[in-house]
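K.L.:
Generate a structure from the sequence data that follows.
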Amino acid sequence: MKKPSVSSRLAYLLVGLLLFGLAWQNLSAQDEILPYQELILEGQSLTFNEKYTQAQEKFQALIEKMPENPAGYFYLAMVYQAQMKDLESDLYQKEFHQNLNKVIELTKPKEEKKTANKWDLLFLGNAYGSLGYYQAKHGGWFSGFKLAKKAKGVLEKALQQDSSFYEAYFGLGSYHYWRSIATKIFNWIPFIGDKREKGIKLLQIASERAVFFREPAQVALIWIYFKEKRYSEALELVSTLQGKYPEFKVPFWAKAFIYYERYDWRNCLTVLDELEERILQTQKDNFYNLIEVNFLKANCHYNLGHEKICQKICQEILANPLDEKIKERQKEKLDKTKKLLKKCQK
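P.N.:
Now for the predicted structure:
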């Protein structure tokens, strides 16, 4: 039985998530390592739980308290990025770019004058990385790669100041792994090489020892383990994130894709049903995501021999009132749905 491939949105979702610096943990026994650290962590937790308006208010308050510090602008940009990824929309691209450009404006002169501290370099590197992701997603792969390389260089400067600065391990680990994937046909060349394991190791360290990037590293590892077919390790991290952030939909997407890849149709359907319910509660007109969920559901039912249920779901997908932009973006999925519907009707 041939299994349909998982949507390419995984790659975007992953990259977007790789660049999304969020974490929350109990730091009461630790010294404050950034001004207004608790305010930052509260905003991050709200973002993880998809309370975007409240998160924006937290980071706007941080900007008002520290207008010359890049932290507030960076994390506010990450809220807008999270919203766009959650909605599969470019609705907040202006705000996203404005805040990242402000981060660069505040930190790049310090880098050039060699007066930047490791935190300045961390935010500058991640600003470049976030902009690179956005450009790559929108077709600018070459410019996106150039920005990713620039991000790597800046993060390495942060490590030169402090080799145990685990916050920087997240971005560097992500870069090494995904660059190796992107250039795998050249990995036999000595100066390029395959640095996937190096990337994984750096992310594992960040997932255990970073403060602000601990859980982003866990998210990154979920998708890397998924790609490497290390499904049990991925599911363990999924369970951890679901326990901490019950409103966070990304672990549900990850679990659904993992079950789908393992041909575990029944468990996949259970997760997809809950994911669809969450989308309908908060984004009932988000037809892009509803197509994603229901296309997988239709294939699961088909593989279980439930042709009539599969047929009904396919018809519902094709009956959605889609605008031209969604039709274009989901053209491949809609074409596959039409073919699956014909198979069910035989």
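
K.L.:
For the stretch 101-250 of the chain, give me the ranges with low pLDDT.
P.N.:
The model of the stretch 101-250 of the chain has pLDDT under 70 over residues 184-192.

K.L.:
can you do 50?
P.N.:
Scanning the stretch 101-250 of the chain for pLDDT under 50 picks out the ranges 188.

K.L.:
now the helices for it?
P.N.:
Along the stretch 101-250 of the chain, counting by DSSP state H, counting those that start in this stretch, helices occupy 118-137, 141-161, 167-182, 196-209, 214-227, 231-244, 250-261.

K.L.:
now the last one, how far from the centre of its chain.
P.N.:
How far helix 250-261 lies from its chain's middle: 14 Å, per C-alpha atoms, centre = their mean, to the nearest Å.

K.L.:
Need the residues that contact that helix.
P.N.:
3, 6, 10, 13, 17, 219, 222-223, 226, 229, 231, 234-235, 238, 241-242, 245, 265, 267-268, 271-272, 274-275, 278, 293, 296, 299-300 (C-beta atoms under 8 Å, 6 or more residues apart in numbering). Placement of C-beta: from N, CA and C, glycine included.

K.L.:
which among those residues end up buried?
P.N.:
Using 16 or more other C-beta atoms under 10 Å as the burial test, these include 10, 13, 17, 219, 222-223, 226, 231, 234-235, 238, 241-242, 245, 265, 268, 271-272, 275, 278, 293, 296, 299-300 as buried.

K.L.:
can I get the helices of the stretch 101-250 of the chain in JSON lines with distance to Asn101?
P.N.:
Below are those laid out as JSON lines (distance: least, C-beta to C-beta, whole Å):
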{"stretch": "helix 118-137", "distance to Asn101": "8"}
{"stretch": "helix 141-161", "distance to Asn101": "13"}
{"stretch": "helix 167-182", "distance to Asn101": "19"}
{"stretch": "helix 196-209", "distance to Asn101": "26"}
{"stretch": "helix 214-227", "distance to Asn101": "22"}
{"stretch": "helix 231-244", "distance to Asn101": "31"}
{"stretch": "helix 250-261", "distance to Asn101": "27"}
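
K.L.:
I'd like to know which of those helices is closest to Gln93.
P.N.:
With C-beta to C-beta as the measure, helix 118-137 is the member of these nearest Gln93 (7.6 Å).

K.L.:
elements contacting that closest one?
P.N.:
Applying 3 or more C-beta pairs under 8 Å, 6 or more residues apart in numbering; DSSP states H and E, we find helix 118-137 packed against helix 9-18, helix 70-87, helix 93-112, helix 141-161, helix 167-182.

K.L.:
thinking in terms of the whole chain, how far from its middle is it?
P.N.:
14 Å.

K.L.:
could the helices and strands packed on helix 118-137 go into JSON lines alongside distance to Lys51?
P.N.:
Below are those laid out as JSON lines (distance: least, C-beta to C-beta, whole Å):
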{"stretch": "helix 9-18", "distance to Lys51": "18"}
{"stretch": "helix 70-87", "distance to Lys51": "10"}
{"stretch": "helix 93-112", "distance to Lys51": "17"}
{"stretch": "helix 141-161", "distance to Lys51": "28"}
{"stretch": "helix 167-182", "distance to Lys51": "23"}
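
K.L.:
Out of the ones you listed, which is closest to Ile317?
P.N.:
helix 9-18 (15.6 Å).

K.L.:
Return the alpha-carbon coordinates of the next helix or strand after the closest one using CSV.
P.N.:
On the C-terminal side of helix 9-18, the closest following helix or strand by DSSP states H and E is helix 37-48. Taking Å, rounded to 0.1, in the frame of the first residue of the first chain, the C-alpha atoms of helix 37-48 are listed here in CSV:
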residue,chain,number,x,y,z
GLN,A,37,14.0,38.2,32.8
GLU,A,38,10.7,37.1,34.4
LEU,A,39,8.8,39.5,32.1
ILE,A,40,10.5,37.9,29.1
LEU,A,41,9.8,34.4,30.3
GLU,A,42,6.1,35.3,30.9
GLY,A,43,5.8,36.6,27.4
GLN,A,44,7.4,33.5,26.0
SER,A,45,5.1,31.2,27.9
LEU,A,46,2.1,33.2,26.6
THR,A,47,3.4,32.9,23.0
PHE,A,48,3.9,29.1,23.4
